[in-house]
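Asker: Pasted the sequence and its predicted model underneath.
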Amino acid sequence: MTDVRFRLAPSPTGFLHLGNLRTALFGYLLAKSMKGKYILRIEDTDQKREVTGAIDSLIDILKWVGITFDEGPFGSAQGRPYIGDYGPYIQSQRLDIYKKYTDELLAKGGAYRCFCSAERLTKMREEQAARHKPPRYDRTCRNLSREEVEARVANNESFVIRQSLPLSGEIKVVDELRGEIIFQVADLEDQVLIKSDGVPTYQFASVVDDYLMRISHVTRGEEWLPSFPKNILLYQAFGWTPPKFIHLPLILNKGGGKLSKRQGDVFVEDYKKRGYLPEALINFCALLGWHPKNDKEIFSLKELEKEFNIDGLGASPAIFDQDKLDYLNGYYIRQMTKEKFAELAKPYLPTGNFNTVLVSGALSSTQSRIKYFSEIPTLIKPWFGPEDYGVELLIWKDLTKEQVKVNLLELKDKIDNLPDFTKIETEILNWLKKSGKKNGDYLWPMRVALTGLKDSEGPFKMALDCGKAETLTRITAAINKL
């Protein structure tokens, strides 16, 4: 039986996109469900787009969400540059390997050298567009004689290496989610396999690496479907058996368009900075294209490792729902112990020496209602000093300023003379009831005085968190506004 081997093969061109996280997660979970191995390979053949430090950043963020690998470019305690038997796992370190297989393909007639200049190719595409033809290489160099090719190489002419595709017929490919798909070969272009600098394209390097690393299953986005027939034809040109391909459905925004940096954060690192939890991101991404057998929505990574399988995957586009992500993140925040929440909240708290009771009260209230940690600075402001509010916010319904001021003065005197401040709620409510006073006439301006907000924590909870002295100070400030 063939060993089950999945791989993640990202390019080190920046931060990890949520769509790439979904691909990484599905590969990881499918490997687990089939009792296989998961391999990390870095596809860095596009040197111009590579970002310094991106490889380490990628490994770190995947480790943060809990995705681990059996093989890859990690190094080890024994000083090896990688872990696994099929390395190197960074493509720029495999150029000699690609050269060997390029020569083999040229010798078989499965590829040819193309000497066309960039200028000629641009003019060709412009002419094709003018005739409403699809832009496609016209195979000018495909039938050059061996003597002419050797002469031009000896003359140091620049060239790329293209794949010699069949000129007619059809190619049948099988996607594990969509079944058999038929492409007309005449619609395909002789794709570039090796660029003029000798570096392979993704299309060539990925096929060679997947074969040599014994990859059994390839998971990638649906946008790679147009390349699928060319990949299979390249396997056939070498005489290799291709792996199984699983093209994951697109992730669309609620408007039906593709996710975009211009429309909001789409990078995992951005979500981490904003205080989203790895548990929520994993749970959320798992539901982007996978449908559990029941209506369950909450899954830990350990649960996903047991329940996830290919039967639950569909080909229909998945919808990115920010509200759903916020709900899941809020859920996991509320499952935390108060101690863990306080620890994770530390980076978002104001600096300075604050009363521990006040801080504890602020965090207690915040944990029950935030969606992500970066909301904390805004939500806890009332505890560290009321918002700068207008005097009109103190007015309850049809009361006048003078009536509100009198009410606050009465309330202040009552609070100041409480024998036990911890019983403020019971004492004040009993006083209002016995005096025949309306709760709203007193408690609305009290809450505004303590928080400076229209919608906020209740006045008694705020008073207990602030303490008696701070409560009286804030009520006095409100009286002075009136």
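Answerer: Thanks, I have it.
Asker: Okay, now the unreliable bits of the stretch 1-150 of the chain?
Answerer: Within the stretch 1-150 of the chain, the stretches with pLDDT under 70 are 1, 76-79.
Asker: what residues does stretch 29-36 touch?
Answerer: For stretch 29-36, the surrounding residues in contact (C-beta atoms under 8 Å, 6 or more residues apart in numbering) are 3-6, 37-38, 216-217, 219, 246, 286, 304-305, 308-310. Bear in mind the C-beta positions are built from the backbone N, C-alpha and C, glycine included.
Asker: Let's see which of the residues you listed end up in strands.
Answerer: 5-6, 37-38, 217, 219, 246 (DSSP state E).
Asker: now those residues as CSV including neighbour count and distance to residue 163?
Answerer: Output for these, formatted as CSV (neighbours: other C-beta atoms under 10 Å; distance: C-beta to C-beta, whole Å):
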residue, neighbour count, distance to residue 163
5, 21, 25
6, 25, 26
37, 19, 30
38, 22, 29
217, 20, 23
219, 26, 24
246, 20, 24
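Asker: Among the residues you listed, find me the one that's closest to residue 460.
Answerer: Nearest to residue 460 among those is residue 38, at 53.6 Å by C-beta to C-beta.
Asker: Please list all residues in contact with that closest one.
Answerer: 6-8, 27-28, 31-32, 68-71.
Asker: Could you save those residues as a markdown table and add columns showing distance to residue 444 and secondary structure?
Answerer: What follows is the contacts of residue 38, written out as a markdown table (distance: C-beta to C-beta, whole Å; DSSP: H, G, I helix; E, B strand; the rest coil):
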| residue | distance to residue 444 | secondary structure |
| --- | --- | --- |
| 6 | 60 | strand |
| 7 | 61 | strand |
| 8 | 56 | strand |
| 27 | 56 | helix |
| 28 | 53 | helix |
| 31 | 58 | helix |
| 32 | 55 | helix |
| 68 | 54 | coil |
| 69 | 58 | coil |
| 70 | 62 | coil |
| 71 | 64 | strand |
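Asker: Mind putting the residues you listed into CSV with distance to residue 169?
Answerer: Formatted as CSV, the contacts of residue 38 follow (distance: C-beta to C-beta, whole Å):
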residue, distance to residue 169
6, 32
7, 31
8, 34
27, 33
28, 38
31, 35
32, 39
68, 44
69, 40
70, 40
71, 38
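Asker: and which of the residues you listed is nearest residue 339?
Answerer: Nearest member of the contacts of residue 38 to residue 339, counting by C-beta to C-beta, is residue 68, at 26.9 Å.
Asker: Residue ranges in the stretch 251-400 of the chain under the pLDDT threshold?
Answerer: Judged by pLDDT under 70, the stretches of the stretch 251-400 of the chain that qualify are 260-265.
Asker: Let me see the ranges of the strands in it.
Answerer: 251-252, 318-319 (DSSP state E, counting those that start in this stretch).
Asker: same check, this time on the stretch 1-150 of the chain
Answerer: 5-8, 37-40, 111-114.
Asker: Please name whichever of those strands is nearest to residue 377.
Answerer: strand 5-8 (35.4 Å).
Asker: ok, residues contacting the closest one?
Answerer: Counting by C-beta under 8 Å, 6+ apart, 23-24, 27-28, 30-31, 36-41, 69, 210, 213-219 sit against strand 5-8.
Asker: 6 Å instead, please
Answerer: 24, 27, 30-31, 36-41, 214-217 (C-beta atoms under 6 Å, 6 or more residues apart in numbering).
Asker: Widest-spaced pair of these?
Answerer: 24 and 214 (19.8 Å).
Asker: neighbour count winner among the two?
Answerer: residue 24 (24 against 15; other C-beta atoms under 10 Å).
Asker: And the contacts of residue 38, which of them are buried?
Answerer: 6-8, 27-28, 31-32, 69, 71 (16 or more other C-beta atoms under 10 Å).
Asker: quick one: which of the residues you listed is nearest residue 443?
Answerer: For those, the nearest to residue 443 is residue 28 (52.9 Å; C-beta to C-beta).
Asker: and the gap between the closest one and residue 413?
Answerer: 65 Å (C-beta to C-beta, to the nearest Å).
Asker: Looking at the contacts of stretch 29-36, spot the one nearest residue 168.
Answerer: Among the contacts of stretch 29-36, and counting by C-beta to C-beta, the member closest to residue 168 is residue 246, at 29.4 Å.
Asker: pretty sure the closest one contacts residue 219?
Answerer: Yes. Using C-beta atoms under 6 Å, residue 246 is in contact with residue 219, at 4.8 Å.
Asker: re the thing from before, export the strands of the stretch 251-400 of the chain to CSV and tack on distance to residue 270?
Answerer: As requested, the strands of the stretch 251-400 of the chain are arranged in CSV below (distance: least, C-beta to C-beta, whole Å):
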stretch, distance to residue 270
strand 251-252, 16
strand 318-319, 20
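Asker: Please identify the most buried of those strands.
Answerer: Most buried of these, by mean neighbour count (mean count of other C-beta atoms under 10 Å): strand 251-252, with a mean of 18.
Asker: what helices or strands is that one leaning on?
Answerer: Packed against strand 251-252, as judged by 3 or more C-beta pairs under 6 Å, 6 or more residues apart in numbering; DSSP states H and E, are no other helices or strands.
Asker: which residues sit against that strand?
Answerer: Contacts of strand 251-252 (C-beta under 6 Å, 6+ apart): 19, 259, 288, 317-320.
Asker: Return a ChimeraX selection command for the buried portion of those.
Answerer: The ChimeraX selection below is limited to those of these classed as buried (16+ other C-beta under 10 Å):
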select :19,259,288,318,320
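Asker: Can you tell me which of the contacts of strand 251-252 is nearest residue 348?
Answerer: residue 320 (25.3 Å).
Asker: looking at it, that closest one is touching residue 253, isn't it?
Answerer: Yes. With contact defined as C-beta under 6 Å, residue 320 reaches residue 253; the gap is 5.5 Å.
Asker: Find residues that contact each of those two.
Answerer: In contact with both residue 320 and residue 253: residue 259, using C-beta under 6 Å, 6+ apart.
Asker: Can you pick out the most distant pair from the contacts of stretch 29-36?
Answerer: Taking C-beta to C-beta, no two of the contacts of stretch 29-36 sit farther apart than 3 and 286, at 24.9 Å.
Asker: residues near residue 273, how many?
Answerer: Residue 273: 14 neighbours (other C-beta under 10 Å).
Asker: From residue 377, how far out is it?
Answerer: 13 Å.
Asker: where's the residue nearest to residue 397 when sequence neighbours are not counted, which helix or strand?
Answerer: Counting by C-beta to C-beta, 6 or more residues apart in numbering, the nearest residue to residue 397 once its immediate chain neighbours are dropped is residue 440, at 7.0 Å. According to DSSP states H and E, residue 440 maps onto helix 439-451.
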